[in-house]
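S.K.: Starting from these lines, generate the structure:
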Amino acid sequence: MGSSSWSTDAYHARRAYQDSAGISSFDYHDNVTTRAPRHEWTVHPSLDPYGVAVRESRDSDAHPNSLAVSVLFDVTGSMGRVPRTLQTKLPDLFGLLLRKGYVADPQIMFGAIGDATCDRAPLQVGQFESGNELEDDLGNTLLEGGGGGQVTESYELAMYFMARHTAMDCLEKRGRRGYLFIIGDEKAYGAVKAREVREVIGDDLAEDIPFPTVLAELRRKFEVYFILPTGSFHYRSDEVREFWERHMGQNLILLDDLDAAGETIALTVGLSEEAIDLDEGLRDLAEAGSDQADAVGKALRPLARGRGPVSTSSGVGELAGDGPGVDRL
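M.R.: Reported below is the predicted structural model:
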């Protein structure tokens, strides 16, 4: 996958056609949830992880230096608006990665996470794509909105899939790990359960895998980030934040505004690829017409400080709670 190229013009043309024809950007979800009872809801075939040997990010003539960027989002409860936001921000995400030169050949995968203890669609995984096919993957997502109500979702099951069912030329040919962003507001379960792996993915796993073990395996292939919305109910309880602080360290990103998720992902990749520093990234947001500089700057300042010396700047927009002349990377 990933041999096509992104076109903002094609994106806007498709949106205009859908609006004029009264077609939802998430047509599969709308059709399933309005025409069938919940117990009959199913994952779209293109996103079903069962029996998938591997999702591949490969070089092509059009994209000879592919870099895998994966974004998996929790679709339970209030988190269900995240894919809708990402769908509207695709031009911004590709614009920053490509036109600003953060990455030469990004290949992006979208996926969705639920709760394997109770949901009909606990895991949905798209393909790595370089072009407008990403709209199809988002549009085919079932926004189940379930969850078990116990401050845990099956993030560890998604991590298992990404660790064992992905293959990337950036890693195999160039020794560069891909990027994985998980957007959620609850904890992972303590272990990848063999029974759930058999039922959802189809692997005959002999025994459960502790969460720290699968996370360590995943990190051999991906630079892993967890984006946690600071306004969520579970964040305010401290339990979820402390869980991810313990396991992610500086790769936990606390984001005030989920509408800034796309810009946050783009700038995180730019920082990690050493294509920009934070000030440059915030200026890029302003040039692109984004109003999310404050939210993104606040979220990424701890990460940027962990990557190099701090300089004084009076760049784009003041970060929340900061005055003029604040220290930024």
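
S.K.: What separation do you get for the residue nearest to Glu133 when sequence neighbours are not counted and Tyr160?
M.R.: Of all residues not flanking Glu133 in the chain, Ser4 sits nearest, at 6.4 Å (Cβ to Cβ, 6 or more residues apart in numbering). All C-beta atoms are positioned from the backbone trio N, CA, C, and that covers glycine. Per Cβ to Cβ, to the nearest Å, Ser4 is found 29 Å from Tyr160.

S.K.: same check, this time on Arg35
M.R.: 32 Å.

S.K.: Between the two, which is the more surrounded one?
M.R.: With neighbours defined as other Cβ atoms under 10 Å, Arg35 and Tyr160 compare such that Tyr160 has more, 27 against 8.

S.K.: okay, that one: pLDDT?
M.R.: Looking at Tyr160, its pLDDT is 98.

S.K.: The residue most central in space within the chain pairs with what?
M.R.: Residue closest to the average C-alpha location in the chain (Cα atoms, centre = their mean): Val71, at 2.1 Å. Per DSSP bridges, the residues bridged to Val71 are Phe110, Phe181.

S.K.: circling back: helix or strand for the residue nearest to Glu133, which one?
M.R.: Using DSSP states H and E, Ser4 maps to neither a helix nor a strand.

S.K.: repeat for the one 5 residues further on
M.R.: When secondary structure is defined by DSSP H and E, Asp9 falls within helix 8-21.

S.K.: repeat for Leu300
M.R.: Here Leu300 sits within helix 293-305, counting by DSSP H and E.

S.K.: can you check Ala158 too?
M.R.: Here Ala158 is covered by helix 155-164, with elements defined by DSSP H and E.

S.K.: Of all the residues in that helix, which ones are buried?
M.R.: Neighbour counts over helix 155-164 (16 or more other Cβ atoms under 10 Å) mark 155-164 as buried.

S.K.: mind putting those residues in JSON lines, distance to Leu86 included?
M.R.: Output for the buried residues of helix 155-164, formatted as JSON lines (distance: Cβ to Cβ, whole Å):
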{"residue": "Tyr155", "distance to Leu86": "18"}
{"residue": "Glu156", "distance to Leu86": "22"}
{"residue": "Leu157", "distance to Leu86": "21"}
{"residue": "Ala158", "distance to Leu86": "16"}
{"residue": "Met159", "distance to Leu86": "20"}
{"residue": "Tyr160", "distance to Leu86": "23"}
{"residue": "Phe161", "distance to Leu86": "19"}
{"residue": "Met162", "distance to Leu86": "18"}
{"residue": "Ala163", "distance to Leu86": "23"}
{"residue": "Arg164", "distance to Leu86": "25"}
